[in-house]
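**Q** The following block contains a protein sequence and its predicted model.
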Amino acid sequence: MKHERAMERRQFLKGTLGAASLVALAGCDNLTQSGWFPSILNKTEKLTERVQRAVTPTNALAREYGDADISKVFPANGNTDPGTEDYAEHVAKNFSEWTVEVGGLVQTPMSWSLAALKELPSRVQITRHDCVEGWSAISKWTGVPLGDLMHKVQPLPTAKFAVFHCADVDDEGVAYYESMALADCYHPQTLLAYELNGNPLDVPHGAPLRLRFERQLGYKQAKYVMMIELVETLAGIGDGKGGYWEDQGYEWYAGI
Amino acid sequence: MASLIHEGTRIGQGQKNEQVSELAMRSEPFPLEEPPAPDGLTANQGDVSAALPASAPVVERIYRHRLPVRISHWLNVPCLFILIMSGLQIFNAHPALYWGDRSDRDQPLLSIRPMKTESGEMKGITTILGHKFDTTGVLGYSDGSGRAFPAWATVPSARYLAMGRQWHLFFAWLLVINGLFFTAYALISRHVTRDLAPSGKDLRDIGKAVKDHIVLRHPKGDEAKRYNVLQKLAYIGILFVVAPLIVLTGLTMSPTIDTAFPWLLTIFGGRQAARTTHFIACFSFVGFIVIHILQVILTGFFNNIRSMLTGWFVVKHEHEGAGHEA
């Protein structure tokens, strides 16, 4: 009798726990697909950004490693070849006609050929690339500090973001772009990089020019950079979230 | 008759009054017409009717968990479940763990991947320190798709890294805020020193406590009013070792935090090592939760749940000295 009751109780508990977890899981999936819930979850992005910026000194450097720490293989993620005719021509000409334009809300819009960029003072850094997926790779980057270019074009006081327009388009023809706060452009390790481990950037890694933004995740490191546009707001560019991956639900602030 | 154990006298004899545990702060006989407000602080001891027959078990109600502890406890439930399951979703995006700063894909400590056998069949293979295990159906390959952790273990259930991160970071904030609130309360109210810190006697008798647990002999009577030593060590370990560890290793995975506090990389042995430790700490939580729920069920499910909902916990005294048997 007593045993039976205990059995019943156990069945009841098992049933309840099982049902509760199924309902909870289905609930989570429903919330994920709803319009309102992700926007609540997303509130923490601003909180994270504020707190991280408050505790991080403006020019605090990402750890720099030694030659021995360099990864044997640096995985290439995202688009590994822009695949357009234009780009193929640039590859054929060894990027001799590639230029990068810096414009938008600046006093003097300027553009540089790849050769002209390489004439400018460069910085070499061995840093860690942290992918949003979880992996990390260490490599040596050579490039022009983006802050140097900013000093030359002189952003207007209204400029808040730098938008990177890139040569790659995805399978559906959506152009890749990325953006960062203007203040972050002046970080000493923020580079327009043209060399990886001492060799010119190859196509999978963003030839001929890519962004290195060492304090944020890999998806912010735009490849195949053609144009940098300074803007006041990200609205009206792409889907308005500030980047190709951001338009697909990833956070604009990718410090964690 | 003498079968009645009166809380006030028992505690008064046993220990100094100011050291009365929060767990047994207030007690009264059961049944009671109207329960007093649970978060009052005054001792409220009723009279046990002396007319009860000697053989009847005496049921005593004690006010076991104060309101801030209860709120904090129940906030942890959705936080931990969602953090664990969204964490597994994030893990699935790169289902391998490493030591050091970088991830050398040819030498993971652990990897969980789908593989095609020679006959073309799909299998889930979990590799731990070079040893391969077939975990088809659960890890690596489940329900016809190649994924490290199965759909029933992840939030969202489908592969969706962006949303997994959003869930994870939102509930991470909630857990940290809740943890800071609880820690502040537990220190100020002396919940830590009175109820959680094991005493010298506790530690000396740890062998007996281990034996009792192995044979599932649980404390009864007065002994059930306080946490036993293994329970105390489990709570202290989770609260003050595993929880800070999981937060700090989580932060070490942030490239921005690494520039602000580079020593995090040093103490955890690199970003990938921190990721591995984060994963181990996660499964320490899973182990804790499994044992915790099991103990809640084994030691009186409804009584335990009631005490964590209302604060009131029932202790049965089978006969005189019930608390000292076993």
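**A** Sure thing, it's come through.
**Q** How much space separates B:K225 from chain A?
**A** Between B:K225 and chain A the computed distance is 24 Å (Cβ to the nearest Cβ, to the nearest Å). All C-beta atoms are positioned from the backbone trio N, CA, C, and that covers glycine.
**Q** B:I62 is in contact with that residue, correct?
**A** Yes - using Cβ atoms under 8 Å, B:K225 is in contact with B:I62, at 5.7 Å.
**Q** Show the residue spans covered by the helices in the stretch 101-250 of chain A.
**A** A:114-119, A:146-153, A:182-185 (DSSP state H, counting those that start in this stretch).
**Q** What of chain B?
**A** Using DSSP state H, the helices of chain B run over B:7-14, B:67-93, B:161-188, B:191, B:200-204, B:206-214, B:229-237, B:243-252, B:255-260, B:263-268, B:271-298, B:301-310.
**Q** out of these, deepest packed?
**A** Highest mean neighbour count among the helices of chain B (mean count of other Cβ atoms under 10 Å in any protein chain shown): helix B:255-260, with a mean of 23.
**Q** does any part of it sit near chain A?
**A** Yes - Helix B:255-260 lies within reach of chain A by Cβ under 8 Å from any Cβ of the partner chain, at B:P255, B:T256, B:I257, B:D258, B:T259, B:A260.
**Q** With respect to B:T136, which of the helices of chain B lies nearest?
**A** helix B:67-93 (16.1 Å; Cβ to Cβ).
**Q** Just want the angle from that closest one to helix B:301-310.
**A** Angle, helix B:67-93 to helix B:301-310, by axes from the mean of the first three to the mean of the last three Cα atoms, to 10 degrees: 110 degrees.
**Q** related to what we said a few turns ago, and the helices of chain B as JSON lines, adding distance to A:V51 and mean pLDDT?
**A** Formatted as JSON lines, the helices of chain B follow (distance: least, Cβ to Cβ, whole Å; pLDDT from 0 to 100):
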{"stretch": "helix B:7-14", "distance to A:V51": "45", "mean pLDDT": "37"}
{"stretch": "helix B:67-93", "distance to A:V51": "18", "mean pLDDT": "97"}
{"stretch": "helix B:161-188", "distance to A:V51": "9", "mean pLDDT": "97"}
{"stretch": "helix B:191", "distance to A:V51": "28", "mean pLDDT": "94"}
{"stretch": "helix B:200-204", "distance to A:V51": "39", "mean pLDDT": "92"}
{"stretch": "helix B:206-214", "distance to A:V51": "41", "mean pLDDT": "91"}
{"stretch": "helix B:229-237", "distance to A:V51": "28", "mean pLDDT": "95"}
{"stretch": "helix B:243-252", "distance to A:V51": "11", "mean pLDDT": "98"}
{"stretch": "helix B:255-260", "distance to A:V51": "10", "mean pLDDT": "98"}
{"stretch": "helix B:263-268", "distance to A:V51": "15", "mean pLDDT": "98"}
{"stretch": "helix B:271-298", "distance to A:V51": "19", "mean pLDDT": "97"}
{"stretch": "helix B:301-310", "distance to A:V51": "32", "mean pLDDT": "96"}
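**Q** how close does the most far-flung residue of chain B relative to its centre sit to chain A?
**A** Going by Cα atoms, centre = their mean, the residue of chain B most distant from its centre is B:S119, 44.6 Å out. In this structure, B:S119 and chain A are 30 Å apart, going by Cβ to the nearest Cβ.
**Q** now do B:G179
**A** Per Cβ to the nearest Cβ, B:G179 is found 16 Å from chain A.
**Q** Chain A contacts on the stretch 201-326 of chain B?
**A** B:251, B:253-262, B:265, B:271-272, B:275, B:297, B:301.
**Q** how does it look with 7 Å?
**A** B:254-260, B:262, B:265, B:271-272, B:275, B:297, B:301 (Cβ under 7 Å from any Cβ of the partner chain).
**Q** May I see the helices of the stretch 101-250 of chain A organised as CSV, with mean neighbour count and mean pLDDT added?
**A** Formatted as CSV, those follow (neighbours: other Cβ atoms under 10 Å in any protein chain shown; pLDDT from 0 to 100):
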stretch, mean neighbour count, mean pLDDT
helix A:114-119, 15, 97
helix A:146-153, 18, 98
helix A:182-185, 17, 97
